[in-house]
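J.: next input, structure requested:
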Amino acid sequence: MLIIGLLLIAATAVFSALLIAFNLSGGPNYAVSMFGSHPFTISVLGAFLGGLALALIFGLGLWLMLGGAALLARRRRKHLAARHEARDAVAERDDMRGQLDDARGTSATDPSREGATRRPGPTRHRGSHRLHLPGH
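T.: Numbers count the residues shown, from 1 in each chain. Predicted coordinates for the structure are as follows:
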């Protein structure tokens, strides 16, 4: 939505600027010229209504752009909240593990515990971290 709104704003601004630049001579009825051609003839009322239409399209683009920015900000806040919640859960888990080990009198990394089995950590790819593209 953000990009579509930005494109609508840019398109209406460019179109309005080109119409003004190419049509500085006016009258009750005049031919609109753009890039050396005359696509249509417009009256004062038609020019006024065309301006209203361009203003409405510009407003729609601005509304879409602001809506997209708000949606992006909301998603970012939710993502950050989930990340903080996960970090707090990991910290709480580690605290509970420490309390449990203190109550037993052992540590989580003490291999001399009777029947202790060490869980392997996550495996990590030791090669390059770039994305592999087939055929390259």
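J.: got the contact list for the helix or strand of the chain with the lowest mean pLDDT?
T.: Every helix and strand of the chain was ranked by mean pLDDT, DSSP states H and E. The lowest is strand 29-34, at a mean of 74. Contacts with strand 29-34, where a contact means CB atoms under 8 Å, 6 or more residues apart in numbering, come from 18-19, 22-23, 38-43. Where C-beta positions appear, they are placed from N, C-alpha and C, glycine not excepted.
J.: tell me the SS of residue 42?
T.: Three-state call for residue 42 (DSSP: H, G, I helix; E, B strand; the rest coil): strand.
J.: what's opposite it in the beta bridge?
T.: Taking DSSP bridges as the rule, residue 42 bridges to residue 30.
J.: report pLDDT for it.
T.: The predicted local confidence for residue 42 comes out at a pLDDT of 77.
J.: how close does it sit to residue 49?
T.: Summarising the geometry, the distance separating residue 42 from residue 49, computed by CB to CB, to the nearest Å, is 9 Å.
J.: when these two are compared, which one has more neighbours?
T.: Using other CB atoms under 10 Å, the more surrounded residue of residue 42 and residue 49 is residue 42, with 18 against 12.
J.: so what's the more buried one up against?
T.: Applying CB under 8 Å, 6+ apart, the residues contacting residue 42 are 29-32, 50.
J.: check residue 19 too.
T.: 32, 34.
J.: how far does the host helix or strand of residue 99 sit from its chain's centre?
T.: Residue 99 is located in helix 44-104, with elements delineated by DSSP states H and E. Once both centres are worked out by CA atoms, centre = their mean, to the nearest Å, helix 44-104 turns out to sit 9 Å from its chain's centre.
J.: who are the packing partners of it?
T.: helix 2-22 (3 or more CB pairs under 8 Å, 6 or more residues apart in numbering; DSSP states H and E).
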